[in-house]
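1. would you be able to build a 3D model of this:
(2 chains, ligands or ions: 2)
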Number of protein chains: 2
Amino acid sequence: MSLSRCHRVRFLPEGAWVQVLPSETLKDAARKIGIEMMSACGGQGTCKKCGVRVLSGKCRMGMDLLSPALKARGHILACQAYPEDDLTVEVPVESRLTGAGALLRHEEIAVPGYESGPDRYPLSPLARKVHVTVDPPTLSENMCDLDRLLKSLRTHSDSPATPTISLPVLRKLPQLLRANDGKVAITIVHLGDHDEIVQVDPSPQPHPCVGLAIDIGTTTVTVYLVNLKTGDTLQRLSTYNEQFVYGEDVITRIVHASRSEENLDDLRQAALRTVNGLIDQSLTAEGYAPEDLSCAVVAGNTTMTHLFLGVNPKHIRLAPYIPAAVDFPPVKAGETGLHINPQGYIFPLPSVGSYVGGDIVAGALSSGIADSSEMRMLVDLGTNGEVVVGNEEFLVASACSIGPAFEGGGITCGMRSVPGAIHRVTIEDKGNRIHLETVGDEKPIGLCGSGLVEALASLVRSGALDRSGNFSRDAARLRITDEDNDPEFVLLASEETQLCRDLALATSDVKNLMRAKAALFSGMQHLVTSIGLTMADIKRIYVAGAFGSHMDIRSAVEIGMLADVEASRHIVVGNSSVKGARLCLLSQEALREATSIAAKMTYLELSVDPTYMDEFMAANFLPHTNLSLFPSVSAQ
Amino acid sequence: MSLSRCHRVRFLPEGAWVQVLPSETLKDAARKIGIEMMSACGGQGTCKKCGVRVLSGKCRMGMDLLSPALKARGHILACQAYPEDDLTVEVPVESRLTGAGALLRHEEIAVPGYESGPDRYPLSPLARKVHVTVDPPTLSENMCDLDRLLKSLRTHSDSPATPTISLPVLRKLPQLLRANDGKVAITIVHLGDHDEIVQVDPSPQPHPCVGLAIDIGTTTVTVYLVNLKTGDTLQRLSTYNEQFVYGEDVITRIVHASRSEENLDDLRQAALRTVNGLIDQSLTAEGYAPEDLSCAVVAGNTTMTHLFLGVNPKHIRLAPYIPAAVDFPPVKAGETGLHINPQGYIFPLPSVGSYVGGDIVAGALSSGIADSSEMRMLVDLGTNGEVVVGNEEFLVASACSIGPAFEGGGITCGMRSVPGAIHRVTIEDKGNRIHLETVGDEKPIGLCGSGLVEALASLVRSGALDRSGNFSRDAARLRITDEDNDPEFVLLASEETQLCRDLALATSDVKNLMRAKAALFSGMQHLVTSIGLTMADIKRIYVAGAFGSHMDIRSAVEIGMLADVEASRHIVVGNSSVKGARLCLLSQEALREATSIAAKMTYLELSVDPTYMDEFMAANFLPHTNLSLFPSVSAQ
Ligand code: FES
Ligand code: FES
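-> Ligands and ions are numbered 1, 2, ... in the order given. Sure thing, here's the model as predicted:
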């Protein structure tokens, strides 16, 4: 029977052939030759992100849930397709993860006073390198190697405490002290209660002491390579989190990890590969070796931190939603597999609870909301929209389930902000006039988050979309297909794009986006109300997250995603998590502050409050059913 | 050519055949089938301990340094013999290490007040096990697993500090807390500056918290398995240090270890195998698993500690004789390969310098000499005879190069204290009447240390040996062979022994033993004199070491090995090193005391003082040239 033999699949446009086992899907086959495909559902056939076009040959389908329109064009879901024949398959650009490990553009947003230098905290980095000359021993001065090293260290350091030394370093010490007339560079990591010597190099060793600030996001991983002596950030690199192939959102990944030890390790390794890839690239760029790195601060949401450390996050998902830990000890790099000096240390930033992680603590630190006497807010826009409100006296946080809509998830033409993504949209005259800009000026592939926000705002402004999210009957470029009763607004015809279909925004997409923005806004609103304030009391709103940093704030206000306050109160801060990690890397005081921020932050669970659902429903309009909350928009 | 092919060797009395490569010696061949041979020189052909008898076939000799008498009996050195033929070879009992890993008899010497319980120090063991029930989480009591564990720990413990947790334990925590209604046993190790949770077991877990006191001697390794809650010693096991095959003394082993990383690892692994073998045996005897053990205190001389930790001891041997470290940090068991919970900790006891190690510090601790207001001495009899003198205010130590004579090294019929060893000797009437006792009442093989001491003392007392170590012309049982001009006293004819030759004590043996005892006595004497005292000022002399514990003190005094003081001042204490390690295991205060003992102990190098050589020469008599030092002996 044909099922029992191997088939060959040719993937286009690469033109690469690969052997496929009977048990493997087309998606598995593509992975084998390095084609990573979109996979929000982890290959369950539900996210419909993995469409491919079969040009020749036959497949058996595990499930088939594509729309008739796509099927008519020969599309199938790669994660559900088992070859029954030799095949030729085209993987369209919208189904590709643009190659796992592809670097993302990392646009740095300078926010005065909190990223360019460790201004707010004294420079007291977690690791430092001390150059000393250790006197040779004599019969009368016959102290052991370690004691002579420590003695010479004391003359070069104001730290009174004697550091410990890790065993592998001690093992090499006798040779090192005799290799170059006793000239050595000692790398010391500060572990809070004590210091540890984690590296001794022959000196002169040209490299400065460098460290890593790492943000492990569900979607994106960012690594800063930082000079610990000057505070300069030498490299800033971002890429997709390879855990993506196990599912787009945190819950799918927890489910996968909970199934077996092996699965948990899959996820750990995927995050590790992602981070290590960025580390290697940044080291190569600066001409350093992994051994030059002896400390890393890691910020991530609670699940990401668990997975990175190989701790089972299972109970984060199951009531009563309990993480294994929120405050993690510094961990030997060798125990994690991070590609730095194995004797070095990883400092995971503390979480607050299952849904408010070290990334938010880092953001609260770097934005300085916990430092100020005035009331401020941090909004971190990701798959979860986390919101923190407070001042130097208290901090309250909530997590709003925005979902992946603004990251392109569940939106027909949604995509991430990579070349070809439409990020600027102006629509005028009921849709008759359209102006679009893409990332990298490339031929369009889809709409990224900022493009979606501007599209919605423009559509409403132009009169093509009403406040409840339905297209006007007289809007231009509308198409109503028979089969799905889902009118769609065609932004571009297929031939103007890189796609094999039109680039359109369906009514169902609009409703998805509205639910997402309503979840965020009602969360912010609920949090502020629950502490007896109004939005007007919030003096600054820091908008964080990669998506947030490209977003037009006014458009976001117009669709009711962000509060209608003076424009100057909204401050876009980019990746506040990695910036907080960097501050901790450069200042032991900042790290202590992060711990105290985590301790004092209270988590407010939205879903348990019955009024929240009412607020969410009320926000499910453009901008809101209560227009008094949006005075400038209603006046417009 | 016959050299280029493999030959077969049959070893007797086992009767086992083995293939031998052209590059392998008979000694290598014997190892391959598990016959470990004596090897004081590490196979260099100089110790002459590896004699075998070739019954058929031919060998090529790398070197041949045996006495004509032995050669005449067909003896050759196995370490120098390369088979050129198929061979039949007999390995006589005196050339065997009695099987590496053979357990030694461990006779416990109870010394009131310092071994039966942790009397001198409060019971505050380095590890403890706490049984708690961790409340399940609820939506309102939603602390993370770790925090709930720590909370329940606080209610069961008076320790105010919060312990850290090792990552692999944290990884398993969520499952463990839910496995048995939250009932768990938490194992905590006290690391001085903080505590660490190194194990969480489902509870009820029947095993008490146990730990190890380990003494790694150059010759013998001893392991105590100790109940950390009650202080009871559950098992006491000893065996030969497998490093023996790389040479009998410390220097030979350092030379081997210094040659390459691989060699260093050979020695590390050999010690590790020895210790792990004893651990496994003690665990099996008590029905425990390695995971039940979370801490071990290791006492060893400085070289043994270096080798056990894999630290190169090279510079201990080279002027100016510098160890890599004297104060070692607690080390994760997993980093050492010790067969206990890999998250547990090893506490190496601190050394004083290259020639005074953690074993002596442990001995000073257990004998209590650093506690007392009166002046006391510790004499540890091994290959190095270490001597410590002092009181609660100061401690001075020296190492006397006794050499291996009293352990059987370099003595024709010398051997260790195993079954068949003569350990009691009475010789009367110029050698005419002899009474001998062997260990285990077995047919004699040779003389162990205590037998050698008694033989010398008896020979002098009986008039068969004069004070300068020459046999009287009229002594009975004397044999003067032509070839070596080395008169020997025949204790037993070949047929009364297990040997294929007579059991005799040669004049050269006597001179070796005299040099050894002179090195010890002059060291003790020099140390006491150098601090302005006389032996009479020393109120107690603790005689430690396995050999010391079977030795007849009076005989040792008569030959001038120990000082001629009131008999009651000499106190035989057995293995004071493992006992000190045990005290540290049971009391954090004792461990701190060990560190302070190491810090306050001063090392006095004998060889740099010109008067020491004079004292050594003066002591090279039986008992001494200065008879006023031995009043009771001269009065005898
Ligand atoms: S539908 Fe195929 S990966 Fe989600
Ligand atoms: S002479 Fe053979 S091992 Fe020493």
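
2. all helices of the stretch 101-250 of chain A, in order?
-> Using DSSP state H, counting those that start in this stretch, the helices of the stretch 101-250 of chain A run over A:145-155, A:167-179, A:250-259.

3. now those helices as a markdown table including mean neighbour count, distance to B:Leu520 and mean pLDDT?
-> Yep, even glycine has a C-beta here, placed from its N, CA and C like the rest. Putting those into a markdown table (neighbours: other C-beta atoms under 10 Å in any protein chain shown; distance: least, C-beta to C-beta, whole Å; pLDDT from 0 to 100) gives the following:
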| stretch | mean neighbour count | distance to B:Leu520 | mean pLDDT |
| --- | --- | --- | --- |
| helix A:145-155 | 19 | 30 | 93 |
| helix A:167-179 | 20 | 31 | 93 |
| helix A:250-259 | 20 | 65 | 92 |
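
4. quick check: which of those helices is nearest to ligand 1?
-> helix A:250-259 (9.6 Å; C-beta to the nearest ligand atom).

5. does the closest one reach ligand 1?
-> No: Helix A:250-259 does not reach ligand 1 (C-beta under 6 Å from any ligand atom); its nearest approach is 9.6 Å.

6. could you point out which element follows that helix?
-> helix A:261-286 (DSSP states H and E).

7. quick check: angle from whichever helix or strand comes after that next one to helix A:261-286?
-> Sequence-wise, the next helix or strand downstream of helix A:261-286 (DSSP H and E) is strand A:293-300. Computed by axes from the mean of the first three to the mean of the last three C-alpha atoms, to 10 degrees, the angle separating strand A:293-300 from helix A:261-286 equals 120 degrees.

8. what pairs with strand A:293-300, parallel or antiparallel?
-> Its sheet considered, strand A:293-300 pairs with strand A:210-216 (parallel), strand A:345-348 (parallel) by DSSP bridges.

9. which one of those lies nearest to ligand 2?
-> The nearest among those, by C-beta to the nearest ligand atom, is strand A:345-348 at 46.8 Å.

10. which residue does chain A have closest to ligand 2?
-> Going by C-beta to the nearest ligand atom, ligand 2 is nearest to A:Pro174 of chain A, at 28.1 Å.

11. shouldn't that residue be in contact with B:Gly310?
-> No: applying C-beta atoms under 8 Å, one finds A:Pro174 not in contact with B:Gly310, separated by 12.0 Å.

12. list the contacts of the residue nearest in space to the middle of chain A.
-> Per C-alpha atoms, centre = their mean, the C-alpha nearest to the average position across chain A is that of A:Gly217, at 2.7 Å. Counting by C-beta atoms under 8 Å, 6 or more residues apart in numbering or on different chains, A:Gly217 makes contact with A:241, A:300-301, A:304, A:359, A:382, A:577.

13. so among those residues, where is pLDDT lowest?
-> pLDDT across those is lowest for A:Gly382, at 80.

14. which residues touch it?
-> If you count contacts by C-beta under 8 Å, 6+ apart, A:Gly382 has them with A:217-219, A:402, A:407, A:545, A:547.

15. farthest-separated two in those?
-> Largest separation among the contacts of A:Gly382 by C-beta to C-beta: A:Gly217 and A:Ile402, giving 13.7 Å.

16. re earlier: now the contacts of A:Gly217 in JSON lines, with distance to A:Arg128?
-> Listed next are the contacts of A:Gly217 as JSON lines, based on distance: C-beta to C-beta, whole Å:
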{"residue": "A:Asn241", "distance to A:Arg128": "31"}
{"residue": "A:Gly300", "distance to A:Arg128": "25"}
{"residue": "A:Asn301", "distance to A:Arg128": "30"}
{"residue": "A:Met304", "distance to A:Arg128": "28"}
{"residue": "A:Asp359", "distance to A:Arg128": "26"}
{"residue": "A:Gly382", "distance to A:Arg128": "34"}
{"residue": "A:Ser577", "distance to A:Arg128": "24"}
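
17. just those residues now: which is nearest ligand 1?
-> Of all those, A:Asn241 has the smallest distance to ligand 1: 15.9 Å, by C-beta to the nearest ligand atom.

18. phi, psi of the residue in the stretch 301-450 of chain A positioned nearest to ligand 1?
-> In the stretch 301-450 of chain A, the residue that lies nearest ligand 1 is A:Gly409 (10.3 Å; C-beta to the nearest ligand atom). Note on A:Gly409: its backbone torsions stand at phi -70, psi 130 [degrees, to the nearest 10].

19. do A:Gly45 as well
-> Torsion angles, degrees, to the nearest 10, at A:Gly45: phi 80, psi 10.

20. and if you look at the one 10 residues further on?
-> Note on A:Leu55: backbone dihedrals following degrees, to the nearest 10 are phi -90, psi -30.

21. thinking it is in contact with A:Val91, fair?
-> No: in this structure, A:Leu55 is not within contact of A:Val91 by C-beta under 8 Å, at 11.1 Å.

22. more neighbours, these two?
-> For A:Leu55 versus A:Val91, the count of surrounding residues by other C-beta atoms under 10 Å in any protein chain shown is larger for A:Val91: 22 against 12.

23. so A:Phe308 lies in a helix, does it not?
-> Yes: under DSSP: H, G, I helix; E, B strand; the rest coil, A:Phe308 falls within a helix.

24. contact partners for the nearest residue to it once chain neighbours are set aside?
-> Excluding the flanking residues, the one nearest A:Phe308 by C-beta to C-beta, 6 or more residues apart in numbering or on different chains is A:Ala271, at 5.0 Å. Under the criterion of C-beta under 8 Å, 6+ apart, the neighbours of A:Ala271 are A:216, A:221, A:241-243, A:304, A:307-308.

25. change it to 7 Å
-> A:216, A:241, A:243, A:304, A:307-308 (C-beta atoms under 7 Å, 6 or more residues apart in numbering or on different chains).
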